[in-house]
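Peer 1: Just a sequence and a predicted model for now, questions to come.
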2 protein chains.
Amino acid sequence: MPDQSRRDFIKTAAITAAGAPYLNALAPALGTAAAPHIATRRQAKPLGFAVVGLGSLATNQIAPALQKTKNCRLAAIVTGTPAKAVKWKAQYDIPDRNIYDYATMHRMADNPDIDVVYVVTPNALHAEHTIAAAKAGKHVLCEKPMEVSSEKCQAMIAAVKAAGRQLAIGYRCRFEPHHRELERIAHERELGDVRIIESGFGFQIGDPTQWRLKRALAGGGPLMDVGIYSIQSAEMLAGEYPIAVSAMQSKTDPVKFKDVEETMTFELKFANKISAYCSTTYKVNGINRTTAFAERGSFGLTPAFNYDGIKGWRSDGKEIVANEVDQFMTEMDDFASCIMSGRPTSVPGEMGLRDVRTMMAIYEAARTGKTIQLG
Amino acid sequence: MPDQSRRDFIKTAAITAAGAPYLNALAPALGTAAAPHIATRRQAKPLGFAVVGLGSLATNQIAPALQKTKNCRLAAIVTGTPAKAVKWKAQYDIPDRNIYDYATMHRMADNPDIDVVYVVTPNALHAEHTIAAAKAGKHVLCEKPMEVSSEKCQAMIAAVKAAGRQLAIGYRCRFEPHHRELERIAHERELGDVRIIESGFGFQIGDPTQWRLKRALAGGGPLMDVGIYSIQSAEMLAGEYPIAVSAMQSKTDPVKFKDVEETMTFELKFANKISAYCSTTYKVNGINRTTAFAERGSFGLTPAFNYDGIKGWRSDGKEIVANEVDQFMTEMDDFASCIMSGRPTSVPGEMGLRDVRTMMAIYEAARTGKTIQLG
């Protein structure tokens, strides 16, 4: 066995072992299991990724992370901005034939360099670009939130399934060692049953003209953008999806936030009687934490959701031991490993759909003042 | 000037200087200013306190704190339990003539040993005991929450006013140096304007038969008992009373919590556009913090509401410098100093009434799902 393959195998095995318990825990909660794409090849060479949408996330996080992956390589780009194409082509040595715009991306169907399309466009364009990629026969990794309505999420799932490919959502914290350690403490009941989760993520938004403040493109405000991290964190700790939500919203600047909420606080109720109390805002920096209160103590992360510098703590004084990793690297390597091995991703479109349904229920709860049940 | 008097003067002056800014800041928000009792005497000897209700708070905190005060002394007790009277009499050398039960406490009118009555009975008995003390011509320090309805609070204010005495509420954190330092950072805008406050206080309640779980005696659940600390903390940081509230409640054990809420999350909206997001629970231990998110950073206390061991932090890494004090000692010494000097207390009945109105609005908001305005 050549060295490269062996390293890949060890890595894949390790990721699979780590991923399995959570997937199993969630499996009964998933409406439809992700259709695994059973790979017939086992390739030694990394999978080619096409990055769609060259904004700051793609530029500052995803492209650099791709350079660190074992199973992936930056093969292609899709952008509507020619100047960005020139810059990326030069920086990453991308051949002209692998540079697309939104009108030409369907031609990827003829490009064997591309295995996976990573959709990093504004929320309300995810379905369009995911479906285009699926029709071109590619696997799709789609940034969170999956889309702005459950109908669009369902269309994405159907398109990727029809293509016989896999669809994963960019839930980077699922692959982050501190979050996984919290999940382990919760699931192994090391401090007893978790009873209450508190989580918050927010930041003070700048440029009032950006797409994140436009409902048509973003689908909502901080809830869709960063509140979703608290939902994910609560789901990891509870080991379930929420079955009901309550919510309150608040707005102090109706000009800047004419289109979307400014601050949202919400409760997620789980069938196992865990309640998660969450807050998200575009009003201030520094809200960035997740805490689990269990029978015999508490544990948490502060900050919890940054790209790096995550810090864990436990009330019993024991240390949270976890490596610092490039979360986008692990997220992409895991998805590539799933595709290579035929293992279904632990962050499937069904999870993205469920979270979009949860967020739509949170908006309804805030609007009506009622607790909204989730089927 | 004898040593004792000089120390008292220095102490009183320091407390007055520290108390003034907050009192001034809140003054416009108070519906009715507290009627100051202009003392005509300036006595060197400490004021005699009668403790009413000898439960664990009185036994473990208030009586020991009285031994540390400069301006107060434990002079009398009121209890319905003869065994407790025997124990306290022996431990604190209380003469028989200063031992009352609830039927005889009106006779305090003839007892010059008693200047102040400290009401530490269950919430729904505060009015009865406060009014009895006022009718006996005594000043009253009443534990929080002031009572279980705004009508009863108003009756208490009227009775003490008619007696020409002062009424203070046992808001110990108002006199706690870490809380005062947070208040200073907020009011001096050291990290810019505070925009969001997060605060939570809860604990896992034990004995299901205790009065705290009975609506008739407690008036409510964790909100009335410990959520009120978050309301107070938010008011200190905002420098105002809230003008509107939203709330959500949640119950996972309807047997234990058949009478009162189990967990409540609520938002306080202030006229200066600060929002405070608070949570309180009887479900878990460890929720105990207050955080202010301001324009240029955040600062807070974790834990925030314990009797000791309060720890402060600032996002800019500067230290929160504050002494550890016996909060009941400072609370009682401050009230005694107010009475001795004729200065109105900074924690008057009007503040207690306002917080009870806020809590009743929170219950209404949770019940109706609507934002409730406070006049």
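Peer 2: Nice, I can see it. Residues are numbered from 1 along each chain as shown, chains lettered A, B, ... in the order given.
Peer 1: where does the stretch 1-150 of chain A dip in pLDDT?
Peer 2: Along the stretch 1-150 of chain A, the parts satisfying pLDDT under 70 run over A:1-44.
Peer 1: Show me where it has its strands.
Peer 2: A:47-52, A:72-78, A:99-100, A:116-119, A:139-142 (DSSP state E, counting those that start in this stretch).
Peer 1: Would you mind giving those as JSON lines with mean neighbour count added?
Peer 2: Quick note: C-beta positions are derived from backbone N, CA and C, even for glycine. Below are these laid out as JSON lines (neighbours: other Cβ atoms under 10 Å in any protein chain shown):
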{"stretch": "strand A:47-52", "mean neighbour count": "26"}
{"stretch": "strand A:72-78", "mean neighbour count": "24"}
{"stretch": "strand A:99-100", "mean neighbour count": "21"}
{"stretch": "strand A:116-119", "mean neighbour count": "27"}
{"stretch": "strand A:139-142", "mean neighbour count": "28"}
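Peer 1: Give me the contact list for stretch A:304-317.
Peer 2: Residues outside stretch A:304-317 that contact it (Cβ atoms under 8 Å, 6 or more residues apart in numbering or on different chains) are A:61, A:173, A:176, A:178-179, A:181-182, A:185, A:191, A:199, A:201, A:226, A:229, A:233, A:288-290, A:296-303, A:320, A:322, A:324, A:327, B:286.
Peer 1: what's the burial count for the closest residue to chain B within chain A?
Peer 2: At 2.0 Å from chain B, A:Gly369 is the closest residue in chain A, using Cβ to the nearest Cβ. When neighbours are defined as other Cβ atoms under 10 Å in any protein chain shown, A:Gly369 has 19 of them.
Peer 1: same deal with A:Gly53?
Peer 2: Other residues within reach of A:Gly53, judged by other Cβ under 10 Å, total 23.
Peer 1: excluding its backbone neighbours, what's nearest it?
Peer 2: A:Thr121 (3.6 Å; Cβ to Cβ, 6 or more residues apart in numbering or on different chains).
Peer 1: any idea how far A:Ser199 is from that neighbour?
Peer 2: A:Thr121 sits 27 Å away from A:Ser199, going by Cβ to Cβ, to the nearest Å.
Peer 1: Those two: who's more crowded?
Peer 2: More crowded of A:Thr121 and A:Ser199, by other Cβ under 10 Å: A:Ser199, with 28 against 23.
Peer 1: you'd agree that one is in a strand?
Peer 2: Yes - using DSSP: H, G, I helix; E, B strand; the rest coil, the secondary structure at A:Ser199 is a strand.
Peer 1: quick one: it and A:Arg289 touch, right?
Peer 2: Yes - with contact defined as Cβ atoms under 8 Å, A:Ser199 and A:Arg289 form a contacting pair (6.8 Å).
Peer 1: Check which residues of whichever strand or helix holds A:Ile231 are buried.
Peer 2: Assigned by DSSP states H and E, A:Ile231 falls within helix A:228-238. For helix A:228-238, the neighbour count (16 or more other Cβ atoms under 10 Å in any protein chain shown) marks A:Ile228, A:Tyr229, A:Ser230, A:Ile231, A:Gln232, A:Ser233, A:Ala234, A:Glu235, A:Met236, A:Leu237, A:Ala238 as buried.
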